[in-house]
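A.B. asks: Sequence plus predicted model, see below.
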Amino acid sequence: MSQQQQTKKGASVLIHPKRCKNCGICLEFCPQGVFAWSADSVVEAVQPEKCNLCRQCEMRCPDFAIFVQEIA
């Protein structure tokens, strides 16, 4: 009998600062609460470990400033 090992996959969430206009759409659509406002009113990915790879932020970003990659 063989055992299968399950590995939890994570995500890398990158915000391209020159493209992002801080509209907040990613904050509104992220079901996991990955994003938050910084003290400087800039959107940051503060909890990328919560990302479930739905890519709603990436799809809805009007400036193509967010990139989500799966990491093993």
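C.D. replies: Happy to help now that I have it. Numbering: from 1, shown residues only.
A.B. asks: sec struct for the residue lying closest to residue 50 once chain neighbours are set aside, please.
C.D. replies: Among residues not flanking residue 50 along the chain, residue 32 sits closest, at 4.3 Å (CB to CB, 6 or more residues apart in numbering). For the C-beta atoms, the positions are set from N, CA and C on the backbone; glycine is no exception. Assigned with DSSP: H, G, I helix; E, B strand; the rest coil, residue 32 falls in the coil class.
A.B. asks: count of neighbours near residue 32?
C.D. replies: Counted by other CB atoms under 10 Å, the residues lying close to residue 32 total 16.
A.B. asks: Where does the residue positioned nearest the centre of the chain sit, in terms of helix or strand?
C.D. replies: For the chain, the residue nearest the mean C-alpha position is residue 13 (4.2 Å; CA atoms, centre = their mean). Under DSSP states H and E, the secondary-structure element containing residue 13 is strand 10-15.
A.B. asks: packing partners for that strand?
C.D. replies: strand 43-45, strand 66-71 (3 or more CB pairs under 8 Å, 6 or more residues apart in numbering; DSSP states H and E).
A.B. asks: Make sure residue 26 is actually in contact with residue 61.
C.D. replies: Yes - counting by CB atoms under 8 Å, residue 26 does reach residue 61; the two are 6.1 Å apart.
A.B. asks: Kindly confirm my reading that residue 28 is in a helix.
C.D. replies: Yes - under three-state DSSP, residue 28 sits within a helix.
A.B. asks: tally of neighbours for it?
C.D. replies: So residue 28, with other CB under 10 Å, has 11 neighbours.
A.B. asks: what sits against residue 23?
C.D. replies: Contact analysis of residue 23 by CB atoms under 8 Å, 6 or more residues apart in numbering lists 62, 63.
A.B. asks: Sorry, wrong one. I was asking about residue 64.
C.D. replies: Shown in contact with residue 64 (CB under 8 Å, 6+ apart): 16, 19.
A.B. asks: Roughly how far does it sit from residue 27?
C.D. replies: 17 Å (CB to CB, to the nearest Å).
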